[in-house]
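*Asks:* this is a predicted model, with the sequence first.
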Protein chains: 2
Amino acid sequence: MQPFRFHNPTVLYYGRDQIEQHLAEEVTKYGTRVLLVYGGGSIKRNGLYDKVTGILRGAGVTWWELAGVEPNPRLTTVQKGIDLCRAHDIQLILAVGGGSVLDCGKAIAMGAVFDGNVWDIYLKKAKPTGALPLGTILTLAATGSEMNAGGVITNWETKEKIGASSPYTFPKFSFCDPVNTFTVPRDQTVYGVCDMLAHCFEHYFHAKTHAPLQVRLIESVMQTILEYAPKALERPDDYDARETLMYCSTMALNGMISMGIQGDWACHAIEHEISAIYDIPHGGGLAIVFPNWMDYVVDTDPSRFARLATEVFRIDPQGRSDRDLAQAAIARVRAFFRSIGAPQRLADYGIGEENLERMAAQAVRFGPIGRFRRLEKDDVLAILRRCL
Amino acid sequence: MQPFRFHNPTVLYYGRDQIEQHLAEEVTKYGTRVLLVYGGGSIKRNGLYDKVTGILRGAGVTWWELAGVEPNPRLTTVQKGIDLCRAHDIQLILAVGGGSVLDCGKAIAMGAVFDGNVWDIYLKKAKPTGALPLGTILTLAATGSEMNAGGVITNWETKEKIGASSPYTFPKFSFCDPVNTFTVPRDQTVYGVCDMLAHCFEHYFHAKTHAPLQVRLIESVMQTILEYAPKALERPDDYDARETLMYCSTMALNGMISMGIQGDWACHAIEHEISAIYDIPHGGGLAIVFPNWMDYVVDTDPSRFARLATEVFRIDPQGRSDRDLAQAAIARVRAFFRSIGAPQRLADYGIGEENLERMAAQAVRFGPIGRFRRLEKDDVLAILRRCL
């Protein structure tokens, strides 16, 4: 293990009826002037908007709205939210949606109290000075943003998609009711599964260190995702399956399975460059990049992949070399993504080689990426070519 | 899963040199008047006392001391601590030791701001009204008290050992440096292992609910304890083994592997009654009680035990019934405790049947205990007789 400091102050509510029972109490801890942030309107169709606004009204809360947050949330939208916070003296941001809406809420929370351009925080040119309190109601099992401090924003003008994290941006509280994911469309469910599994992979292929419990915890989350994703896809209103996936997504990126290890994160960096130009779903991009990254880096340490084969995919190791098991594991990862209908090649999104050079250059603009294997620009380019 | 609220605000530091780097900063967040709480003096022998007081001195902190906290910390000692806090206007309690010292610190923290007798909080006759801030430096991998809100105190006059938990008593910060456990005597290391494994068992035999990820997380911790306890016992200064055990003990009872499940906790209740009368080590008592509880309740749901056999002890299930596998699992639990030199019978502590009736009656005085199987007085008595 690497020495570490761990602190996750988010109050997490899980299960049916928690919103009805505890939302008013949590919101009014922070004030009575709220900015309600949400996406394309699915929460209006499934009744969640009415439920939440009803609770706010009943609690004497006044709210303003920022609607239409994009799947890859944009800096321009963040700026609108910041302006609303300042104009109306907002005391709490309540983000209702998936990871994009939550990430947008985090950027607004930092930006509203920041004396300068919030994008500078993402560019690491400035440090956040604080944040408005943020509460969340999750509607999509994917990013884990409900219980971590991270968020990713896209600057559409400069075609940059960058993440930032700060102790200020842990949600104060998050409500996760699996019922709110019953109506998530199939493709979004698939992208969510890709994303949470990718988070596990990032942890699993950490910089080498002695962390046997963490490795097992990560394997536990992976096994459970692999087991329950098909169930949720087969029966979208299967409460147990939706709940299990939602819980996996939270645990995959709330820091609890990754204390003392330093994840790889190269695939996320590469995917961000694809999405920054083509605006494709993050989870879809990860499903394309990960197996190809695995092929490219496997020889760095085949034993790590062999363990994935035996412990997660439960492949019998008898008579097989690490190299052979590693290949089997990667084949199983590919097969899983294929089985749930995830995209497999950049061509599935109509992406050709026109921008690969630019993406590779951008991916390493802050330096080489990846901790399992350090990747330079040429490595990234080679991986992207495999993705075509 | 049961609907749940999770909040664990403790700031956790793990690894070498974290105390040197961050203790002063954490302490002085809360003030400059500290009550230093510790046990029988092992921290003076191993140099930790000098290190900590050197850091406090360097940070301009004034401290008072409560030394000699017992292995089953006593109410009379808690009261001394409360008196010191009040007399010297203490701003932070710094508990340096194992679970007993930390639990004592929690009781003092609540008692110092409580208008009444702190024991009433343990008797559930009163609710805590707050607590002084508590920081901890852990020296023994066992109870998980460094990252949870619970603590157990013994009233030696009434022969009662009772736990209490409150959101106020999460440590504000905890420092876990495996090096501080190198000099822990063998028997204490063994008791710690028994305790952390018992915490896993309590979670594992939860009231039936659908929680597949939690089950795997618990299995991960159990497997890792089983693997690393022998290594730490063989080489007490094996950093990786000590670190892994310490981390297992924290994860076994910080709530992260048990969200949304309700643990059994009957064995802990039974053990408390034994310790309350005979003052035996908690971990030793648990090692005696658990296998006998398992024998007694196994037919309630043999499949749970069968899973323990296949997933934790990796016993091949082929051609074996759940009942058969369950028996194999219990035999392996017994064999593990024996292999590390844990006590196996009450007779090992010179305890006969003279107080079994009284212990059984006390164990259920607040009502039946256990969630995997609900136990009445006669059940507890039957289990205790098996322990003789």
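*Replies:* Received, thanks.
*Asks:* where's A:Trp64, which helix or strand?
*Replies:* In this assignment (DSSP states H and E), A:Trp64 forms part of strand A:62-66.
*Asks:* quick one: mean pLDDT over the helix or strand just after that strand.
*Replies:* Counting by DSSP H and E, the next helix or strand C-terminal to strand A:62-66 is helix A:75-88. What helix A:75-88 shows for mean pLDDT is 98.
*Asks:* what's the local residue count around A:Asp115?
*Replies:* Using other Cβ atoms under 10 Å in any protein chain shown, A:Asp115 has 6 neighbouring residues. For every residue, glycine as well, the C-beta is placed using N, CA and C.
*Asks:* that one contacts A:Gly130, correct?
*Replies:* No. A:Asp115 is beyond contact range of A:Gly130, at 10.4 Å (criterion: Cβ atoms under 8 Å).
*Asks:* for the strand holding A:Trp64, packing partners?
*Replies:* Strand A:62-66 sits against strand A:33-38, helix A:75-88, with contacts defined as 3 or more Cβ pairs under 8 Å, 6 or more residues apart in numbering or on different chains; DSSP states H and E.
*Asks:* identify all contacting residues around it.
*Replies:* For strand A:62-66, the surrounding residues in contact (Cβ atoms under 8 Å, 6 or more residues apart in numbering or on different chains) are A:32-38, A:53, A:56, A:77, A:80-81, A:84, A:88, A:90, A:94, A:104, A:108.
*Asks:* how about A:Ile257, nearest residue that isn't a chain neighbour?
*Replies:* Leaving aside its chain neighbours, A:Ile257 sits nearest to A:Leu217 (4.0 Å; criterion: Cβ to Cβ, 6 or more residues apart in numbering or on different chains).
*Asks:* tell me the pLDDT at the one you found?
*Replies:* What the model reports as pLDDT for A:Leu217 is 98.
*Asks:* before we move on, what about the one 5 residues further on?
*Replies:* In this prediction, A:Met222 carries a pLDDT score of 98.
*Asks:* that one is in what secondary structure piece?
*Replies:* With DSSP H and E as the test, A:Met222 turns up in helix A:212-234.
*Asks:* so the helix or strand just after that helix, near chain B or not?
*Replies:* Toward the C-terminus, helix A:212-234 is succeeded by helix A:239-252 as the next helix or strand (DSSP H and E). Yes. On the criterion Cβ under 8 Å from any Cβ of the partner chain, helix A:239-252 is in touch with chain B at A:240, A:243-244, A:247-248, A:251.
*Asks:* would you format those as a markdown table with neighbour count and pLDDT included?
*Replies:* Output for the residues of helix A:239-252 next to chain B, formatted as a markdown table (neighbours: other Cβ atoms under 10 Å in any protein chain shown; pLDDT from 0 to 100):
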| residue | neighbour count | pLDDT |
| --- | --- | --- |
| A:Asp240 | 17 | 98 |
| A:Glu243 | 26 | 98 |
| A:Thr244 | 26 | 98 |
| A:Tyr247 | 25 | 98 |
| A:Cys248 | 29 | 98 |
| A:Met251 | 28 | 98 |
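*Asks:* show me what the helix holding A:Met222 is packed against.
*Replies:* Counting by 3+ Cβ pairs under 8 Å, 6+ apart, helix A:212-234 packs on helix A:186-204, helix A:239-252, helix B:212-234, helix B:239-252.
*Asks:* off-centre distance for it?
*Replies:* Chain-centre distance of helix A:212-234: 16 Å, with Cα atoms, centre = their mean, to the nearest Å.
*Asks:* residues of the stretch 151-300 of chain A that sit close to chain B?
*Replies:* Proximity of the stretch 151-300 of chain A to chain B is confined to A:210, A:212-213, A:216-217, A:219-221, A:223-224, A:227-228, A:240, A:243-244, A:247-248, A:251, A:256, A:259-260 under the rule Cβ under 8 Å from any Cβ.
*Asks:* which ChimeraX command selects the buried ones in those?
*Replies:* In ChimeraX, a selection of the buried entries from these looks like this (16 or more other Cβ atoms under 10 Å in any protein chain shown):
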select /A:212,213,216,217,219,220,221,223,224,227,228,240,243,244,247,248,251,256,259,260
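*Asks:* centroid-wise, who is the farthest residue in chain A?
*Replies:* A:Gly319 (38.1 Å; Cα atoms, centre = their mean).
*Asks:* list the contacts for it?
*Replies:* With Cβ under 8 Å, 6+ apart as the criterion, no residue contacts A:Gly319.
*Asks:* please enumerate the strands of the stretch 51-200 of chain A.
*Replies:* Secondary structure of the stretch 51-200 of chain A (DSSP state E, counting those that start in this stretch): strands at A:62-66, A:92-97, A:134-138, A:150-155, A:160-165, A:173-176.
*Asks:* to B:Pro73, which of those lies closest?
*Replies:* Closest of these to B:Pro73 is strand A:173-176, at 34.0 Å (criterion: Cβ to Cβ).
*Asks:* next one: that closest one to chain centre, how far?
*Replies:* Worked out by Cα atoms, centre = their mean, strand A:173-176 lies 16 Å from the chain centre.
*Asks:* next one: stretch A:379-388
*Replies:* Distance of stretch A:379-388 from the chain centroid (Cα atoms, centre = their mean) equals 23 Å.
*Asks:* hang on, the earlier thing: might one say that the residue nearest to A:Ile257 is in contact with B:Glu219?
*Replies:* No. Under the criterion of Cβ under 8 Å, A:Leu217 is not in contact with B:Glu219, lying 10.2 Å apart.
*Asks:* per-domain residue ranges of chain A.
*Replies:* Listed by automatic domain parsing, the domain ranges of chain A are A:11-181, A:186-387.
*Asks:* CSV please, covering the ones you listed and showing distance to B:Cys200.
*Replies:* As requested, these are exported to CSV (distance: least, Cβ to Cβ, whole Å):
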stretch, distance to B:Cys200
domain A:11-181, 21
domain A:186-387, 12
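*Asks:* show me where the stretch 251-388 of chain A has its helices.
*Replies:* Secondary structure of the stretch 251-388 of chain A (DSSP state H, counting those that start in this stretch): helices at A:266-278, A:282-297, A:302-307, A:322-339, A:356-363, A:377-387.
*Asks:* show residues contacting the fifth one.
*Replies:* Residues from elsewhere that reach helix A:356-363, judged by Cβ under 8 Å, 6+ apart: A:160, A:269-270, A:272-274, A:276-277, A:369, A:375, A:377-378, A:380-381, A:384-385, A:388.
*Asks:* buried ones among the residues you listed?
*Replies:* Applying 16+ other Cβ under 10 Å to the contacts of helix A:356-363, the neighbour count classes A:160, A:269-270, A:272-274, A:276-277, A:369, A:375, A:377, A:380-381, A:384 as buried.
*Asks:* any chance of those in TSV, with pLDDT and distance to B:Gly135 too?
*Replies:* TSV is the format used below for these (pLDDT from 0 to 100; distance: Cβ to Cβ, whole Å):
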residue	pLDDT	distance to B:Gly135
A:Glu160	92	42
A:Ala269	96	37
A:Ile270	97	42
A:His272	93	39
A:Glu273	96	43
A:Ile274	96	46
A:Ala276	91	44
A:Ile277	94	49
A:Ile369	98	37
A:Leu375	98	41
A:Lys377	98	46
A:Val380	98	44
A:Leu381	98	50
A:Leu384	98	49
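*Asks:* make sure A:Met222 is actually in contact with A:Ala198.
*Replies:* No. Applying Cβ under 8 Å as the test, A:Met222 and A:Ala198 come out as separate, 10.6 Å apart.
*Asks:* let me see the contact set for the residue in the stretch 251-388 of chain A that chain B sits nearest to.
*Replies:* Closest approach between the stretch 251-388 of chain A and chain B, counting by Cβ to the nearest Cβ: A:Met256, at 4.8 Å. Contacts for A:Met256 (Cβ under 8 Å, 6+ apart) come out as A:8, A:217, B:256.
*Asks:* can you redo those residues as CSV with distance to B:Ala360?
*Replies:* Rendered in CSV, the data for these read as follows (distance: Cβ to Cβ, whole Å):
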residue, distance to B:Ala360
A:Asn8, 41
A:Leu217, 38
B:Met256, 33
